[in-house]
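Undergrad: Have a look; sequence and predicted model below, questions after that.
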Amino acid sequence: MEQAKFYSDIAEGPERGNAYWMQTDDNVRVRVGAYDSETPGKGTILLMLGRFGYIERYGRVAKTFAQNGFSTAVIDWRSQGLSDRMANDPQAGHIDRFSDYQRDVAALMKVVNGLDLPKPYYLVGISMGACIGLRAMLNGLPLAAAAFISPMWGIKMSTVQRIAAWPLSWASKQLGLGQKYVPGEDGEIYVLETPFEANNLTHNAEMYDYWVDQAQKVPELQIGGPTMAWLYEALSECRSLSKAPSPDTPCITFCGELDQLVDNGSIKSRMENWPNGEFAMIRSAKHDVLTEIPEVGGDVISQIFDFFSKVDADGTR
């Protein structure tokens, strides 16, 4: 591990936070962040973020975790944050194979083990991070419990869009056009080009302003839209996961009634068959349920803490 750039001023996270460079087994340099708890340790939360995610983006959330006794480990996925970008256009949200994210998970766990972050481990997976996290669980990631926020276990599309998405994205990969943006997407930064009133992430204006401030001060942390290869790989992974049984690990999942990004039907189907699983649909909430205003989302973080508190370190309830 080597010390990496870390923008504590825009993160507004726990006082004891840092970032590290770690090389994956396919020679991609990724950035991993770690925050220490501020009270006696209850364990470590593996915070797996979505497609726009980077370490500093949820600094305030990590601070809440720290205040409640949890250390946090979080990673810039490849092609995100300060990790190596996989496309010629560094703004493109690109991946060659969805399974490559599991190489990033392995790098994350090397840092967790290298820093001797406290056990047990808990997963909080958000959107795409929940998709990556579920696959990691099926691969044996050692967890006491998991919490999923608007998990990307299916991508929200109209029937026509879905019919077109599969052959178009597959053909783009086969023809060497996988790095092209998905139609309608480009390299623009979402929070800078989308007014708060029109955003599909949250009703929380203070949180949205926090993200806008980060994007203005450190634009190199940001990415634009996804590529055709990312779309094909994501669709394929969602389909593959839909056929896999749910693990026995205790799990609580939240999604927003107004979510425009993930398929809530896929989430409900998964949670109906998850042993030791709980599910909550948050009325009037958008995609980022974790940061919604209390009037909409209640206090999702407190519900996660309460769920984790009922689980033993070995994952039994």
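TA: Perfect, thanks for sending it. Residues are numbered from 1 along each chain as shown.

Undergrad: Ile163: neighbouring residues, count only.
TA: By other CB atoms under 10 Å, the residues close to Ile163 number 11. Using the backbone N, CA and C atoms, a C-beta is placed for each residue, glycine as well.

Undergrad: helix, strand or coil for it?
TA: helix (DSSP: H, G, I helix; E, B strand; the rest coil).

Undergrad: let's have the chain start at 39 instead
TA: I'll keep to 39 as the first residue from here, and by that count the last item is Ile201.

Undergrad: and it, how far is that from Ser207?
TA: Between Ile201 and Ser207 the computed distance is 12 Å (CB to CB, to the nearest Å).

Undergrad: How about Gly119?
TA: On the measure of CB to CB, Gly119 and Ser207 end up 24 Å apart.

Undergrad: For the residue with the largest distance to the centre of the chain, give me the pLDDT.
TA: Distance from the centre of the chain peaks at Leu213, with 29.7 Å (CA atoms, centre = their mean). What the model reports as pLDDT for Leu213 is 95.

Undergrad: Could you find the closest non-adjacent residue to the residue most central in space within the chain?
TA: The C-alpha lying nearest the average C-alpha coordinate of the chain belongs to Leu87 (CA atoms, centre = their mean; 1.9 Å). Closest residue to Leu87 apart from its sequence neighbours, by CB to CB, 6 or more residues apart in numbering: Gly167 at 4.7 Å.

Undergrad: Would you check that the one you found makes contact with Phe90?
TA: No - applying CB atoms under 8 Å as the test, Gly167 and Phe90 come out as separate, 10.6 Å apart.

Undergrad: re the thing from before, same drill for Gly119 and Ser207, tell me which one is more crowded.
TA: Using other CB under 10 Å as the criterion, Gly119 and Ser207 rank with Gly119 on top: 28 against 25.

Undergrad: Roughly how far does Tyr219 sit from Lys211?
TA: 14 Å.

Undergrad: of these two, who's got more company?
TA: A count of neighbours by other CB under 10 Å puts Tyr219 above the other of Tyr219 and Lys211, at 21 against 17.

Undergrad: which residues sit against the helix-or-strand element of the chain with minimal mean pLDDT?
TA: Least confident helix or strand of the chain, by mean pLDDT, DSSP states H and E, is helix 332-335 with a mean of 84. Helix 332-335 is contacted by residues 241, 292, 294, 320-323, 327-329 when judged by CB atoms under 8 Å, 6 or more residues apart in numbering.

Undergrad: make it 7 Å
TA: If you take CB atoms under 7 Å, 6 or more residues apart in numbering as the criterion, helix 332-335 is touched by 241, 320, 322-323, 327.

Undergrad: Specify the local secondary structure of the residue nearest to Leu87.
TA: At Gly167, secondary structure determined by three-state DSSP is helix.

Undergrad: I'd like to check which residues are in contact with it.
TA: Here Gly167 is in contact with 86-88, 91 (CB under 7 Å, 6+ apart).
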